[in-house]
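Colleague: Got a predicted structure here, sequence first:
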Amino acid sequence: MSEMGHFKFSNKVLAIPLFAMIAIWCVYWVELLLGVNFNEMGVMPRTLLGLRGVVFSPFIHGSLEHLYNNTIPLAVLLTALWYFYKDVAWKVVVYGILLSGIMTWLIGRTSYHIGASGLIYVLASFIFFKGIFSSHFRLVALSLIVVFIYGSMLWYIFPVKEGMSWEGHLAGFITGLLLAKMVKARIPPTKKYEWEKEDFKEEDDLFLQHFDENGNFRELPVEENFEEDEDFKFNYIFKKSSKGDSDI
């Protein structure tokens, strides 16, 4: 598959992130509308009932600030995932939610763990490591962009801020790394120039023929394309100006 066929825009590139944003905002709006709190639907580590949070916790947020902080990164990373890795995007999201949720359930503190930040760490980690592992110049560039924009998130996989589920962040980061290593995504072949190919011969290259083995410029003999005694006929067109003078 060519690069143009692989990195191709589709409606899903915008529709999926938009749907995700609408979903998490609607859940928060329902909480406000009904005056309820869905926090108890989050991940409660090492309890049977707390396993339901593996599925529900990405949609639940504790405050408007919490929701806002997760909305934009989620939209940006989902857009990048569906544009550059569309053939494995659903697999990364579904497996990412389940694996990071279960890992949080195993290692988390005895508290409700909620929010889409676990999935955000899955996406950021997957996109970064997959680009590095692929060695494709476009995907490596994407990895560097992710580091530039969201590199500061790495600090929050450690317990540096009270009240933040660093266990969920760590679980998401590790899950993204594992998925980048295990999930096989189709990577378009990098275009090779003629001089990069194995069967390339320097003597067949018109440009390299102008240089010797030491890299010094040399003049090639000029081929005669016509006989010296051949007659050439030149036609000149004269145009008279409005003043009657002749201009060549």
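Modeller: Ah, there it is.
Colleague: Check the secondary structure at residue 110 for me.
Modeller: In the three-state summary, residue 110 is assigned as coil, counting by DSSP: H, G, I helix; E, B strand; the rest coil.
Colleague: Would you confirm that it contacts residue 45?
Modeller: Yes. Applying Cβ atoms under 8 Å as the test, residue 110 and residue 45 come out as touching, 6.2 Å apart. (Each C-beta comes from the backbone N, C-alpha and C, glycine too.)
Colleague: Show me which of those two is the more surrounded one.
Modeller: Between residue 110 and residue 45, counted using other Cβ atoms under 10 Å, residue 45 has the larger neighbour count: 18 against 9.
Colleague: so how far is residue 50 from residue 156?
Modeller: Distance check for residue 156 against residue 50: by Cβ to Cβ, to the nearest Å, it reads 22 Å.
Colleague: And the pLDDT at residue 188?
Modeller: On pLDDT, residue 188 comes in at 71.
Colleague: For burial, what's the neighbour tally of it?
Modeller: Residue 188: 16 neighbours (other Cβ under 10 Å).
Colleague: Kindly report the same for residue 39.
Modeller: Counted with other Cβ under 10 Å, the neighbours of residue 39 add up to 17.
Colleague: same question, residue 34
Modeller: 9.
Colleague: and what of residue 15?
Modeller: The number of residues packed around residue 15, counting by other Cβ under 10 Å, is 11.
Colleague: Quick check: which element contains it?
Modeller: Secondary structure assignment for residue 15, by DSSP states H and E: helix 12-34.
Colleague: Thanks a lot, see you next time.
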